[in-house]
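Trainee: Need a 3D model of the following:
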Amino acid sequence: MRKTISILGLSILIIVFVSCISGTKSDSQDANHIIENADPLPSWNEGVSKTAIINYVNDVTNTESSNFIAIPDRIAAFDNDGNLWSEQPMYFQLFFAIDRIKALAPQHPEWKTEQPFKAVLENDMKELAKQGEHGILKLVMASHAGNTTDEFEAIVKEWLATSKHPRFNRPFTDLVYQPMLELVKYLQVNNFKTFIVSGGGVEFMRPWVEDAYGISRDQVIGSSIKTEYDYNSGNPVIRRLPEIDFIDDKEGKPEGINKFIGRKPVFASGNSDGDLQMLRWAASNNLKSFMLYVHHTDSIREWAYDRESHIGRLDIGLDEANEKGWTVIDMKKDWKVIYPFALTGK
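Mentor: Just a heads-up that it's a prediction; the model follows:
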C-alpha cells in the first residue's frame, strides 16, 4: 500500500513538473483538473455514503474551513472483525483457536472428555456454541498462551499462510474489504493517523495488518492476555500467560483509545453494537467527527445480518445511527465489489 501511495505521489509530482515546464495556463488547469477529479474511493458506488465521506475529509482538511482539524488531531479508529474483513460464519481468530486446539490435542488426552475441547475435537459446533463465552475463553487461554511472543507470532503467520476460509476456499487475509482498504488509504493520504481498535487479540493482528491494510502494527489496540518478561539466561523473551489482561470491546474500546492513543478519534468506523461505545466517544469530540457503520446487507457476495446475529449483532447501534444521522453503509448498494480478488477474478 505504501508503494501505491508513493507511485501516486510521484505521478502527481510529474504532472505538476510538466505543467511548470510548459508554462501555459491551459496545461496548468488540465493538471489541476486531473488531480481534483481522481476518485479516492473507486470501489464505492456514487451515493450518500461516499459523498458524506469525501465531503467530511475535504472540509476538515481545508485550512479555510471553520471545521479544519490540525494533523495531530486527525485520529481514525477502525474496528477489525466485520468492518475491515469478514467475520462469518465465526470470528476468524476462533478458527485459529480451534485449529490450535486440534494441533495441541495429542499433548492433552484429557481434552477428549472435557468441554469445550471435546466439542472442538469432534467438530460439534452446536455443542461448542452451548459453551458460551466461558467456553470460548477456555479455548483461547489454552490455544494462545504457554509460548513466547515471538513463537506466537510465528504460529499466527504459519496459520494464515496455510489455512483457508471454508466458504471461499481462500486465505483469510483475502477476505479484507476492498472499499475499506481504499477508505483507510484515503484518510492516510490526508494525514489521518489510522488505528485498529478491535475485540480481537492484539498479538493475533499485529503479524499481518501492515501487509493487509497498510496500518502499522504499533497502531493496533486489541484484547490481550497477561505476559511476563523472562531474562532467559541472557536471551530475553516475553512469555504469554493464560490470564486475561484487557478486553477491547464495548466500553473497553474508548478506554483502550484513551489509554493507548490519548486523543479522541474524529473518525470512527464499526459494524456492531460492540463498537457503539467507540462511535459515541468519537461523537463527543469537540472537533467535527464522522461516525460510520458497515451494515451487512449482501447475502450473495458476503453475508446479510444485523439484529438477530450471534456474531456482529447490529441492533441498538443501528437505531442510534439512524436517529443521530451517522453514516450507515449499505454493503449491497454502496460497494461495487466486496473483496480485492473480485477486481481481478483471481
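
Trainee: middle-most residue in the protein, spatially?
Mentor: In the chain, the centroid-proximal residue (Cα atoms, centre = their mean) is residue 80; its distance is 2.7 Å.

Trainee: Can you verify my assumption that that residue contacts residue 205?
Mentor: Yes. Taking Cβ atoms under 8 Å as the definition, residue 80 is a contact partner of residue 205 at 6.5 Å. In short, each C-beta sits where N, CA and C put it, glycine included.

Trainee: which neighbours do these two share?
Mentor: 196, 198, 222 (Cβ atoms under 8 Å, 6 or more residues apart in numbering).

Trainee: check contacts around the last one.
Mentor: Looking back up the chat, that one is residue 222. Applying Cβ under 8 Å, 6+ apart, the residues contacting residue 222 are 80, 196, 197, 198, 199, 200, 201, 202, 203, 204, 205, 248.

Trainee: Check the second one too.
Mentor: Listed by Cβ under 8 Å, 6+ apart, the contact set of residue 198 reads 79, 80, 81, 205, 220, 221, 222, 223, 248.

Trainee: any chance of the contacts of residue 222 in TSV, plus distance to residue 149?
Mentor: Compiled in TSV, those are given as follows (distance: Cβ to Cβ, whole Å):
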residue	distance to residue 149
80	19
196	18
197	21
198	18
199	20
200	16
201	12
202	11
203	6
204	12
205	13
248	18
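
Trainee: Give the residue spans of the stretch 51-200 of the chain that score low on pLDDT.
Mentor: The stretch 51-200 of the chain contains no residues with pLDDT under 70.

Trainee: That one: helices as residue ranges?
Mentor: 92-104, 117-121, 125-130, 132-144, 149-162, 178-189 (DSSP state H, counting those that start in this stretch).

Trainee: Nearest to residue 62, out of those helices?
Mentor: helix 178-189 (14.9 Å; Cβ to Cβ).

Trainee: about what we covered before: the contacts of residue 198 into TSV, with extra columns for distance to residue 238?
Mentor: Converted to TSV, these look like this (distance: Cβ to Cβ, whole Å):
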residue	distance to residue 238
79	26
80	23
81	25
205	17
220	16
221	18
222	16
223	17
248	19
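
Trainee: Which of those residues fall in strands?
Mentor: 220, 221, 222, 223 (DSSP state E).

Trainee: ok, back up a step: using TSV, lay out the helices of the stretch 51-200 of the chain together with mean neighbour count and distance to residue 56.
Mentor: Shown next, in TSV, are the helices of the stretch 51-200 of the chain (neighbours: other Cβ atoms under 10 Å; distance: least, Cβ to Cβ, whole Å):
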stretch	mean neighbour count	distance to residue 56
helix 92-104	19	30
helix 117-121	21	44
helix 125-130	14	40
helix 132-144	17	36
helix 149-162	15	33
helix 178-189	20	10
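
Trainee: of all these, which lies closest to residue 295?
Mentor: Of the helices of the stretch 51-200 of the chain, the one closest to residue 295 (Cβ to Cβ) turns out to be helix 178-189, at 12.9 Å.

Trainee: can you list the domains in the protein?
Mentor: 1-38, 44-88+176-223+249-344 (automatic domain parsing).

Trainee: what are the ranges of the strands in the stretch 151-300 of the chain?
Mentor: 193-201, 220-230, 237-246, 267-270, 290-297 (DSSP state E, counting those that start in this stretch).

Trainee: among those, which is nearest residue 67?
Mentor: strand 290-297 (10.8 Å).

Trainee: C-terminal to that closest one, what's the next element?
Mentor: Sequence order places strand 304-305 as the next helix or strand after strand 290-297, per DSSP states H and E.
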